[in-house]
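**Q** Below are the sequence and a predicted model; questions follow.
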Amino acid sequence: MSTTKQSTVKAFGGLPVAIGFLIAVLVFTMFVVGYDQGQLFSVVEGQSAFDTMWIHELTHDMRHAAGFPCH
C-alpha cells in the first residue's frame with residue numbers, strides 16, 4: 001500500500017501580503033499627494049524642486065478633494 005500526501009493551496013494564502021503591499025502603496029501615495037512640497041524631486045533637482053513643486057501642481061485639485069489645505 002502506498003501513501004500519498006495531498007497538499008492543498010489556500011485560496012487566500014497571499015492575501016495578507018497583498019493587503020500589506022496595498023497599505024504601503026496607500027501610505028506612499030498619501031505622502032506624495034498630501035505632503036510633498038518638492039521633497040521627492042529635491043533628490044534629483046536640488047533646491048529648485050522646492051520652488052517648482054511639480055507633484056503639488058499636478059495633483060492640486062485632488063489635494064483639495066482629499067481635504068488637504070494648501071493655500
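**A** Yep, it's here. Because the structure is predicted, anything quoted here is derived from the model rather than measured.

**Q** And for residue 59, the neighbour number?
**A** Using other CB atoms under 10 Å, residue 59 has 19 neighbouring residues. (Each C-beta comes from the backbone N, C-alpha and C, glycine too.)

**Q** I should have written residue 26 there, sorry.
**A** Neighbours of residue 26 using other CB under 10 Å come to 10.

**Q** what's the helix or strand for it?
**A** Using DSSP states H and E, residue 26 maps to helix 15-30.

**Q** Next: residue 3.
**A** Applying DSSP H and E, one finds residue 3 in no helix or strand.

**Q** ok, now how distant is it from residue 20?
**A** 37 Å (CB to CB, to the nearest Å).

**Q** helices or strands up against the very next helix or strand once past the helix holding residue 26?
**A** Sequence-wise, the next helix or strand downstream of helix 15-30 (DSSP H and E) is helix 39-45. Applying 3 or more CB pairs under 8 Å, 6 or more residues apart in numbering; DSSP states H and E, one finds that helix 39-45 contacts helix 48-52, helix 54-58.

**Q** Right, I'll call it a day here.
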